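Visitor: fold the following, please.
(one chain, ligands or ions: 1)
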Amino acid sequence: MHKYPPAPALERKCLSDYKIQGTDITIENGTGVVIPVMDIHHDHAYYSEPHKFDPERFSPENKRERSHFAFLPFGEGPRICIGMLLR
Ligand code: HEM
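Guide: Numbers count the residues shown, from 1 in each chain. The predicted structure follows:
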């Protein structure tokens with residue numbers, strides 16, 4: 001789910017103008033936005049050796065160290081996967 005997320009990207013549509021904090025960038029109402037899940041999962045800013053299979057990344061201690069939004073196999077927000085809690 002980390003190395004090969006089945007949904008490698010998420011899509012959203014901006015419903016009102018949104019200025020990204022700390023930048024001059026405003027995403028205008030109506031703009032399509034792609035959230036690059038595969039790239040986030042392989043970003044060295046969040047994961048050392050991102051291509052390595054390392055279940056320890058997901059220990060409670062290691063999870064606390066990084067943004068909740070650095071792991072998005074089931075999406076996030078109001079449209080998050082409703083199947084994610086099935087076990
Ligand atoms: C490994 C298994 C699965 C993965 C990786 C997965 C992944 C995802 C992802 C990425 C989304 C989009 C979330 C977003 O846009 O934020 C999604 C939506 C959804 N998933 Fe899954 N899913 C899985 C299994 C399941 C199962 C087993 C069910 C049903 C029993 C299910 C039902 C749904 C539904 C209904 C949505 C749409 C939710 C909405 O739009 O409100 N998924 N899933």
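Visitor: how about the secondary structure of the residue in the chain sticking out farthest from the centre?
Guide: Going by Cα atoms, centre = their mean, the residue of the chain most distant from its centre is Asp24, 22.3 Å out. At Asp24 the chain is in coil, as set by DSSP: H, G, I helix; E, B strand; the rest coil.
Visitor: look up how far the ligand lies from it.
Guide: Using Cβ to the nearest ligand atom, to the nearest Å, Asp24 is found at 27 Å from the ligand. All C-beta spots, glycine's among them, are computed from the backbone N, C-alpha and C.
Visitor: try Pro50
Guide: Pro50 sits 18 Å away from the ligand, going by Cβ to the nearest ligand atom.
Visitor: and that residue, what is it in contact with?
Guide: 41-44 (Cβ atoms under 8 Å, 6 or more residues apart in numbering).
Visitor: now stretch 45-63: buried residues?
Guide: Across stretch 45-63, burial judged by 16 or more other Cβ atoms under 10 Å covers 46-47, 50, 57.
Visitor: dump those to CSV, plus pLDDT, secondary structure and distance to Met84.
Guide: Below are these laid out as CSV (pLDDT from 0 to 100; DSSP: H, G, I helix; E, B strand; the rest coil; distance: Cβ to Cβ, whole Å):
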residue, pLDDT, secondary structure, distance to Met84
Tyr46, 96, coil, 20
Tyr47, 96, coil, 21
Pro50, 96, coil, 22
Arg57, 95, helix, 18
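Visitor: fine, thanks again, bye for now.
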